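Peer 1: Got a sequence here, can you build the structure:
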Amino acid sequence: MDRLDPLEAFVDRVTSAQQGLFAYILSLVAHVDDAKDVLQETNLILWRKREEYRMDAPFWPWAKTIAHYQILAFIKRRGRDRLRFGDLLLARLAEDAAAFDGQSVDVEQTALDQCIEELAPPKRELIELRYSDDIGLAEISRKTGRSPGAIADALYRIRGQLADCIRNKLTGREEDR
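Peer 2: Model prediction:
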């Protein structure tokens, strides 16, 4: 297999870290749109500082540190908002998030993907309509001929089934170790 040139290797590492970085940022920012903005800013800084990164060093701690500083900058900019986290709370949240390694997101995503594949086709279709296609309950109701309440109930049951399936898969992985 051909080795990637340094720029391609760097881009590969940034790309591989996206889910983990987003989850880390979201855990401290709390709003999806804000987390997306902070992730974009983090990616810009990663790109600008790419010459400072040593390819033999672990990427995740370096990228997470940059994301952390972008989170702090975001919170400072948003300091004018009525609801604000105190410095002590942010420090505690950052400590909790420091243990986050980014790899658990990939394991959980893989388990979710497998569990969705195991769903019966009608259930899988509902999940895909709602979450992949981002279609609201009213539109799904029109497409399927079922009431919005019935769709909401079905999605609730399917989410519970998926949560159980993911839990079983993750528990099974831990027992295999």
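
Peer 1: what's whichever strand or helix holds residue 160 packed up against?
Peer 2: Using DSSP states H and E, residue 160 sits within helix 148-176. Here helix 148-176 touches helix 103-118, helix 121-127, helix 137-144, going by 3 or more CB pairs under 8 Å, 6 or more residues apart in numbering; DSSP states H and E. In this view, the C-beta of every residue, glycine as well, is placed from N, C-alpha and C.

Peer 1: Of those, which is nearest residue 157?
Peer 2: With distances scored as CB to CB, the stretch of the helices and strands packed on helix 148-176 nearest to residue 157 is helix 121-127 (8.6 Å).

Peer 1: Okay, buried residues for that closest one please.
Peer 2: 123, 126, 127 (16 or more other CB atoms under 10 Å).

Peer 1: Distance of the second one relative to residue 16?
Peer 2: In this case it means residue 126. According to CB to CB, to the nearest Å, residue 126 stands 31 Å off from residue 16.

Peer 1: quick one on the thing from earlier: just want the angle from the helix holding residue 160 to helix 103-118.
Peer 2: Orientation check (axes from the mean of the first three to the mean of the last three CA atoms, to 10 degrees): helix 148-176 against helix 103-118 gives 120 degrees.

Peer 1: Could you give me the buried positions within helix 148-176?
Peer 2: Neighbour-count burial for helix 148-176 [16+ other CB under 10 Å]: 151, 154, 155, 158, 161, 162, 165, 166, 169.

Peer 1: Can you tell me which of the residues you listed is nearest residue 72?
Peer 2: For those, the nearest to residue 72 is residue 166 (32.2 Å; CB to CB).

Peer 1: Next, count neighbours for residue 107.
Peer 2: Look at residue 107: counted by other CB atoms under 10 Å, it has 13 neighbours.

Peer 1: That one is in contact with residue 171, isn't it?
Peer 2: No - Residue 107 lies out of contact with residue 171 (CB atoms under 8 Å); the separation is 11.9 Å.

Peer 1: Distance of residue 153 relative to residue 63?
Peer 2: Note on residue 153: its distance to residue 63, by CB to CB, is 41 Å.
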